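next one to model:
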Amino acid sequence: MSTNDRSAHERPGGRRRTLERFRVSPINAVFTLLFLTASVLFFLYDTWLTGAVFLVAAVCQYAFAVFTRRGRSGSDLWRMSVFEPSDERDRAILRTASAFVAYVAATGSMVAFVAALLFFRSEGVLVVYLALQAMAINLLWALSIWVVARRS
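All right, here's what the predicted structure looks like:
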């Protein structure tokens, strides 16, 4: 195999190789790091209790992912819920479920925005937040469709 044929996860310094050090899927590595960051911020700027809650969430996120990745869970529901698919069938289930969530999120964000315009127009911050959320979800959805279509 030539160096040009190797994928990103085989190359030294590749993004996937860096995330593999966590021994969990990239999404679990990101969520664990987000929970840890939130924990530190809450320890510094809020209460120790809130920081501790986020620290426990980070530990649980990582532990459940490692537990599942090592094959200690036979349940499809568990593997999908923890974002640790074990084979192509699991990845297909996760893709289908994620697509369904995208439909619901895009539709729900528009419904919430329209409802806020109709019933909470005086709450400007809420209306602006829901408008930005609806735009962000729909733009991200369009971008993801474009990327997936180009890869197919």
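
hey, where'd the strands end up in the chain?
Listed in chain order, the chain contains no strands at all (DSSP state E).

and the most centrally placed residue in it, what is it in contact with?
Residue closest to the average C-alpha location in the chain (Cα atoms, centre = their mean): Ile27, at 5.4 Å. Applying Cβ atoms under 8 Å, 6 or more residues apart in numbering, we find Ile27 in contact with Phe83. Heads up, the C-betas are built off the backbone N, CA and C, glycines and all.

please apply the same query to Val53.
Contacts of Val53 by Cβ under 8 Å, 6+ apart are Phe42.

how far does stretch 134-151 sit from the chain's center?
Centre-to-centre, stretch 134-151 and its host chain are 15 Å apart (Cα atoms, centre = their mean, to the nearest Å).

neighbouring contacts of it?
Against stretch 134-151 from outside (Cβ under 8 Å, 6+ apart): Ala102, Ala105, Ala106, Ser109, Met110, Ala112, Phe113.

could I get those in CSV, plus columns for neighbour count, pLDDT and distance to Leu132?
Below are the contacts of stretch 134-151 laid out as CSV (neighbours: other Cβ atoms under 10 Å; pLDDT from 0 to 100; distance: Cβ to Cβ, whole Å):
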residue, neighbour count, pLDDT, distance to Leu132
Ala102, 16, 89, 18
Ala105, 16, 93, 14
Ala106, 16, 92, 14
Ser109, 19, 94, 10
Met110, 17, 94, 13
Ala112, 16, 94, 12
Phe113, 20, 93, 9
